[in-house]
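Q: Let me see the structure of the following:
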Amino acid sequence: AASGAHTHALASSRRSVHITMAAMMSAAAVSARVAPAASGKKMTARTSAFSAAMPKAAKRANACVVSRGAMRVVAEVEEAIVKIGTRGSPLALAQAYMTRDLLKKNFPELAEDGALEICIIKTTGDKVLDQPLADIGGKGLFTRELDVALLDGRIDIAVHSMKDVPTYLPEGTILACMLPREDVRDAFISVKYDSLEDLPAGALVGTASLRRQSQLLNKFPTLQCVNFRGNVQSRIRKLQEGVVDCTLLAIAGLNRMDMTQHATKILDMDVMLPAVAQGAIGIACRTSDEEQLKYLAALNHEETRIGVECERAFLAALDGSCRTPIAAYAKKVGDTLEFRGLIASLDGKDVLETSAVGEWSFEGGQKTGTAAGAELKTKAPAEFFAMLIENGGNW
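A: Residues are numbered from 1 along each chain as shown. Below is the predicted model of the structure:
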């Protein structure tokens, strides 16, 4: 009888443990599901359970061994709080991941599983790789589809390489943030030669940039420049296959992808002035989206924004496009802004340069850039601008 009573007590004890654990799991799952995220988005829970045997008890007549359960509940956001739009190239994705990580670091609610989603948007510039950019529409080729996705709500923010962004923005969007700028210089890359000076006459330089072509030909007129497009990895592969003798790439992109081992030499700015906004990442959102504006304001690097917008003002004053070799760089020196800019003929025979010093502020930078562009526009011969009037005078 005593043995039967003990067996009955043991069974009851086990049922009690199982019922208690089931109730705990159910309550935890319901609690996690209904608890709102800080952003107001719906939350759900992911649960997992496992069993662990208790240590063996001493051998006593009334001792019993039961199993105990352990449970883990992980909160998840049912709907992404921020959908991050990006192109699909390795560099673009690296920049999108950088943005994602900064948002997670600065906002606890965005660190929850599923709070951030990266959405790849294929652009015209990504689809057409066998023609120069100038022949398929110039600037905006890497941003238009992202703009459309932003405005129709498929994405909440769009991450851009700022040198791809036209000086005008679609109505209803704003460049709310720029991340700290990378090294703005260009890198010389070759598996045969150590520098530009070592290249023989007739050497093939692979580049799709008219800015790089014109500055190269100005200093090394015997070189031959050929169209060379594709992502960084494909360009380096073609170079290693001997398609060209060398190429030039922004060192910023190589830094962001941990590929600086491919850079043979970093070029001084006296040799190669960078593109407008080179090395800068800009993030756009809808002008009416207060939540995204709040997030992006916390990430903005104002020094980068001032310098980049000075360069973009210079570009806008020149009405520049991908058909025109234009270069510029603005930087902070003490409490002032120092600016350099140039415009060149396609063959590099004519290069017009300017420099200026202005007030270090957003308005001061725009004023300095606009004045420098207006100055060069009055000095440049008409043929410099013969092909600028496209898309209504915009990029």
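
Q: show me the residues around the residue lying closest to residue 287 once chain neighbours are set aside that make contact.
A: Closest residue to residue 287 apart from its sequence neighbours, by Cβ to Cβ, 6 or more residues apart in numbering: residue 174 at 4.8 Å. All C-beta spots, glycine's among them, are computed from the backbone N, C-alpha and C. Counting by Cβ atoms under 8 Å, 6 or more residues apart in numbering, residue 174 touches 284, 285, 286, 287, 293.

Q: got those as a markdown table, with secondary structure, distance to residue 218 and pLDDT columns?
A: Below are the contacts of residue 174 laid out as a markdown table (DSSP: H, G, I helix; E, B strand; the rest coil; distance: Cβ to Cβ, whole Å; pLDDT from 0 to 100):
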| residue | secondary structure | distance to residue 218 | pLDDT |
| --- | --- | --- | --- |
| 284 | strand | 35 | 98 |
| 285 | strand | 40 | 98 |
| 286 | strand | 43 | 98 |
| 287 | coil | 41 | 97 |
| 293 | helix | 43 | 98 |
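
Q: element containing the residue sitting nearest the centre point of the chain?
A: The chain has residue 95 as the residue nearest its centroid, 2.9 Å off, counting by Cα atoms, centre = their mean. Taking DSSP states H and E as the criterion, residue 95 maps to helix 90-106.

Q: Just the buried residues of that helix, please?
A: Neighbour counts over helix 90-106 (16 or more other Cβ atoms under 10 Å) mark 90, 91, 92, 93, 94, 95, 96, 99, 100, 102, 103 as buried.

Q: Next SSE downstream of that helix?
A: strand 116-120.

Q: any chance you could map the strands in the stretch 101-250 of the chain?
A: 116-120, 157-161, 173-178, 186-189, 204-206, 224-226, 246-250 (DSSP state E, counting those that start in this stretch).

Q: Enumerate every residue touching the residue lying closest to residue 300 once chain neighbours are set aside.
A: Nearest non-adjacent residue to residue 300, counting by Cβ to Cβ, 6+ apart: residue 177, 4.4 Å away. Shown in contact with residue 177 (Cβ under 8 Å, 6+ apart): 282, 283, 296, 297, 299, 300.

Q: Quick check: pLDDT value at residue 177.
A: Residue 177 carries a pLDDT score of 97 in this model.

Q: So that it lines up with my notes, have the first residue be 26 from now on.
A: Let's use 26 as the start, then, which means that last one is residue 202.

Q: Okay, residue 218 and residue 289: tell me how far apart.
A: Using Cβ to Cβ, to the nearest Å, we find residue 218 at a distance of 8 Å from residue 289.

Q: quick one: common contacting residues for the two?
A: residue 271.

Q: How far does stretch 321-341 sit from its chain's centre?
A: 15 Å (Cα atoms, centre = their mean, to the nearest Å).

Q: Pull the number of nearby residues for residue 389.
A: 15 (other Cβ atoms under 10 Å).

Q: likewise residue 213?
A: That count, for residue 213 with other Cβ under 10 Å as the rule, works out to 24.

Q: from memory it sits against residue 276, does it?
A: No: using Cβ atoms under 8 Å, residue 213 is not in contact with residue 276, being 10.0 Å away.

Q: hey, what's in contact with both of the two?
A: Joint contacts of residue 213 and residue 276 (Cβ under 8 Å, 6+ apart) are 288, 291.

Q: related to what we said a few turns ago, quick one: the contacts of residue 202 as TSV, columns for neighbour count and pLDDT too.
A: Listed next are the contacts of residue 202 as TSV, based on neighbours: other Cβ atoms under 10 Å; pLDDT from 0 to 100:
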residue	neighbour count	pLDDT
307	26	97
308	27	98
321	25	98
322	10	97
324	19	98
325	16	98
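
Q: of those, closest to residue 378?
A: Nearest to residue 378 among the contacts of residue 202, counting by Cβ to Cβ, is residue 307 at 26.1 Å.

Q: For that closest one, name its beta-bridge partners.
A: residue 185, residue 203 (DSSP bridges).

Q: For residue 182, which residues are in contact?
A: 107, 108, 109, 110, 124, 175, 308, 309, 310, 317, 320, 321 are the contacts of residue 182 under Cβ under 8 Å, 6+ apart.

Q: need those residues in JSON lines with distance to residue 386, can you?
A: Listed next are these as JSON lines, based on distance: Cβ to Cβ, whole Å:
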{"residue": "107", "distance to residue 386": "30"}
{"residue": "108", "distance to residue 386": "34"}
{"residue": "109", "distance to residue 386": "30"}
{"residue": "110", "distance to residue 386": "31"}
{"residue": "124", "distance to residue 386": "26"}
{"residue": "175", "distance to residue 386": "29"}
{"residue": "308", "distance to residue 386": "22"}
{"residue": "309", "distance to residue 386": "22"}
{"residue": "310", "distance to residue 386": "24"}
{"residue": "317", "distance to residue 386": "25"}
{"residue": "320", "distance to residue 386": "25"}
{"residue": "321", "distance to residue 386": "21"}
